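Peer 1: Give the three-dimensional model of this entry:
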Amino acid sequence: MFVRMSGAAMRGLLVALLIATPALLLPDSATSQSQIVVLMALIAAFLTFVEYNSNAPSIVEFRDAAPFNRLRFVALFLTVFLLTTIAKGNSEPTSFTHAITSLGTIIGNAIDFPYSPVRLIVLMLPYDSTVETINNVRSAAGISYLISLMAMCVFVALVRIWGWPMRNGAFNVWVNLPLFDPTAGGDVLYRLQRDARVNIALGFLLPFIIPAVVKATSDLIDPISLENPQTLIWTMTSWAFLPASMIMRGIAMTRIASMIEEKRRRAYQSASEEADLQAA
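Peer 2: Take a look at the predicted model:
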């Protein structure tokens, strides 16, 4: 019990640190923004502690299937930290911030080709945006998108090469998928495969759809101003991380569906062999 509580407390602190990172590192954070960030960090830390301290999860999926959530957290934290470092370099430049900014510029320019997600993000900006804002958005979009791609590649390697999640022992489908209702009707295997395809398709399309929707609705509502560093950080992080997280969830559900199908096949084969022996 103590180990579980201490682990839940550590996870809550890490989540709070993740949310508070931009406010802690950026020098021009307003007092009102800092108070809101602290409140959100405390709420997120409390919810994370309650979730991981309980016997069974209620919201968090794949809680007992490490390192799925750890990989997502590392990718999210790395994205927020690097984007915060780039934003900090605009007012307090150092050798480290200059190196990260140069890396982001190289990545952003490399990925900024016609019809790419980074190009769509740049085209989403208002016509009167400054050159500095455009360069910051391109660098942030490039580095956040690259981190998301790397996280997906690592997870695919975990599934294909290391046999996730079977290397961690027995896998309980219903505990690791608390939001999946097995009694909703229909074959569980078909529903898992369908949900996996939907998640992968949406994860692939969202980086393209979100900029197009924002651009199309810019005449009806005020567009998001990406000149504010914290707004830029969280917007680019959400734009890159949420689709990657959905694709990783789809890959995980595909893997679970294949495990269930293999188990069914073995059970049917065993039952058929037993029936043949009885008939003989």
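Peer 1: Please name every helix or strand in contact with whichever helix in the chain runs longest.
Peer 2: Longest helix of the chain, by residue count under DSSP state H: helix 229-279. The contact analysis (3 or more CB pairs under 8 Å, 6 or more residues apart in numbering; DSSP states H and E) places helix 229-279 against helix 2-25, helix 68-89, helix 131-160, helix 188-216. Just so you know, the C-beta spots here come from the backbone N, C-alpha and C atoms, and that holds for glycine as well.
Peer 1: residues of the first one that come out buried?
Peer 2: Okay, so that is helix 2-25. Using 16 or more other CB atoms under 10 Å as the test for burial, helix 2-25 gives A8, R11, G12, V15, A16, L18, I19, A20, T21, P22, A23, L25.
Peer 1: now the helices and strands packed on helix 229-279 as CSV including mean pLDDT?
Peer 2: As requested, these are exported to CSV (pLDDT from 0 to 100):
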stretch, mean pLDDT
helix 2-25, 89
helix 68-89, 93
helix 131-160, 92
helix 188-216, 89
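Peer 1: which one among the buried residues of helix 2-25 gets closest to Q230?
Peer 2: P22 (5.0 Å; CB to CB).
Peer 1: Roughly how far does the closest one sit from S34?
Peer 2: When distance is defined by CB to CB, to the nearest Å, P22 is 10 Å away from S34.
Peer 1: Check L149 too.
Peer 2: Taken as CB to CB, the span from L149 to S34 is 32 Å.
Peer 1: before we move on, what about R264?
Peer 2: For R264 relative to S34 (CB to CB), the value is 54 Å.
Peer 1: Same check on L47?
Peer 2: According to CB to CB, L47 and S34 sit 21 Å apart.
Peer 1: more crowded one of R264 and S34?
Peer 2: The neighbour count for R264 versus S34, taken as other CB atoms under 10 Å, is higher for S34 (14 against 11).
Peer 1: Isn't that one up against A23?
Peer 2: Yes: contact criterion CB atoms under 8 Å: S34 and A23 qualify, at 5.2 Å.
Peer 1: returning to what we had before: give me the mean pLDDT for the longest helix of the chain.
Peer 2: Averaged across helix 229-279, pLDDT comes to 87.
Peer 1: which SS class is P114?
Peer 2: At P114 the chain is in coil, as set by DSSP: H, G, I helix; E, B strand; the rest coil.
Peer 1: what's the burial count for it?
Peer 2: Counted with other CB under 10 Å, P114 comes out at 6.
Peer 1: same question, P243
Peer 2: If we define neighbours as other CB under 10 Å, then P243 has 25 of them.
Peer 1: which residues does the residue nearest to F68 when sequence neighbours are not counted contact?
Peer 2: Counting by CB to CB, 6 or more residues apart in numbering, F68 lies nearest to F62, which is 4.2 Å off, once chain neighbours are set aside. Taking CB atoms under 8 Å, 6 or more residues apart in numbering, we find F62 in contact with F68, N69, P165, N176, L177, A252.
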